[in-house]
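1. Got a predicted structure plus its sequence, pasted below:
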Amino acid sequence: MSDVKKYDKEFLTSALRDMTLIRRFEEKTAQMYGLRKIGGFLHLYNGQEAVAVGAVAAIDLKKDYILTSYRDHGHALAVGMSPGSVMAEMYGKITGCSRGKGGSMHMFDVERHFLGGNGIVGGQIPMATGVAFKQMYLGEKGVTLCFFGDGAIHQGAFHESLNLAKIWNLPAIYIVENNQFGMGTAVKRVSGVEDFHVKAEGYNLQGKIINGMDFIEVYEGLKEVAADARENGNAWLIDIKTYRYKGHSASDPAKYRTKDELEEYKRQDPIIQLKSRMMDAGLITEEQYKKLDDEVKDEVQAAVDFAEKSEEPALHTIYEDILA
């Protein structure tokens, strides 16, 4: 476990705040979904916050890109998208980041190099490969991070993409957010291997396991990998071991796992871990964290208020933003 003392207090406090914001945002989102303010599907990120926040901290979004799956609120907030625009999108309002047309699964911000939020399982993997090809072709010295769940790794497009990434030396980093379950089925029931990084060998790529419950380990691991991809054009497959505290979606009661298992992972909570280590190092007090948490709660409530007050999309907008 890395020593937090070697890191700047502001850097760690910012990371702790971002993770707390994602957690409080998701809790409020679930509440609004229960009140039927939000429709459609809803896939929450509770428990996986260190993955998105650690990864974003490790790259440069002026030249790097991120694509992810439908469990995308955490990544959207981690790249700096406004909580108001994210909440308004879930409300289906015109002020949402996708003008109310995408909802929970289709967060998007081209200026922040966040290219979605993709609703099709594994659909973002070939798209991310194309973005990495653009970076290679134009000599941009950027990397593309592609996040997907363990349930998506058995899609054919995953294997095709890794093969192309090797052939063309693409700066693509494929990240399995291995939260132990593909929908309601445990990894070990559907996969011949449980450590997915070994699949990289089949394409002569680099593979690595990272503890996704530890912000610093995610940050350090991905910073190292991104530097190699950037400088040497090497693609990577990263197996980030994490855990989702909620069901697959808002309609999933998650009865396929035991209370003991859930409690075991809650003892590894990435937010509590980072806070505790910062407190031990004298970098934050309980009172300072409570103040930070209260500020975050106010920010999340402001996002709800913004979404509530925003206009519904005008009827004519149904024909806008259409490619063909």
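-> Cool, the structure landed.
2. what's downstream of the longest helix along the chain, the next helix or strand?
-> As assigned by DSSP state H, the longest helix anywhere in the chain is helix 9-34. Note on helix 9-34: by DSSP states H and E, the next helix or strand toward the C-terminus is helix 49-57.
3. residues in contact with the next helix or strand after that following helix?
-> Once the chain leaves helix 49-57, the next helix or strand it forms, by DSSP H and E, is strand 65-67. With CB atoms under 8 Å, 6 or more residues apart in numbering as the test, strand 65-67 has contacts from 55-56, 59, 75, 79, 113-116, 118, 124, 127-128, 131, 135, 142-147. The way it works is simple: take the backbone N, C-alpha and C, and place the C-beta from them, glycine included.
4. ok, now with 7 Å
-> 75, 79, 113-116, 118, 124, 127-128, 131, 142, 144-146 (CB atoms under 7 Å, 6 or more residues apart in numbering).
5. Tell me which two of those residues sit farthest apart.
-> Taking CB to CB as the measure, the contacts of strand 65-67 reach their widest spread between 118 and 142, a distance of 19.8 Å.
6. Show me which of the two is the more surrounded one.
-> residue 118 (26 against 23; other CB atoms under 10 Å).
7. What residues does the more buried one make contact with?
-> So residue 118 contacts 67, 69-70, 124 (CB under 7 Å, 6+ apart).
8. Over to residue 129?
-> 161, 164-165, 170, 172.
9. And the helices in the protein?
-> Going by DSSP H, the chain shows helices at 9-34, 49-57, 73-78, 83-91, 124-137, 156-167, 187-190, 215-232, 259-266, 270-280, 286-309.
10. Show me the shaky parts of the stretch 1-150 of the chain.
-> 1 (pLDDT under 70).
11. how about the nearest residue to residue 144, chain neighbours excluded?
-> Closest residue in space to residue 144, ignoring its immediate chain neighbours: residue 132 at 4.2 Å, by CB to CB, 6 or more residues apart in numbering.
12. I'd say that neighbour and residue 173 touch.
-> No: here residue 132 lies out of contact with residue 173, judged by CB atoms under 7 Å, at a distance of 8.6 Å.
13. Which neighbours do the two have in common?
-> Both residue 132 and residue 173 are contacted by residue 144, under the criterion CB under 7 Å, 6+ apart.
14. Neighbours of residue 160, how many?
-> By the criterion of other CB under 10 Å, residue 160 has 13 neighbours.
15. and what of residue 299?
-> Counted with other CB under 10 Å, the neighbours of residue 299 add up to 16.
16. Ok, residue 312 next?
-> Residues near residue 312, counting by other CB under 10 Å, number 11.
17. what do you get for the one 4 residues further on?
-> Burial of residue 316, expressed as a neighbour count using other CB under 10 Å, amounts to 7.
18. got the contact list for the closest residue in space to residue 293 that isn't next to it in sequence?
-> Excluding the flanking residues, the one nearest residue 293 by CB to CB, 6+ apart is residue 20, at 5.8 Å. Counting by CB under 7 Å, 6+ apart, residue 20 makes contact with 271, 292-293, 296.
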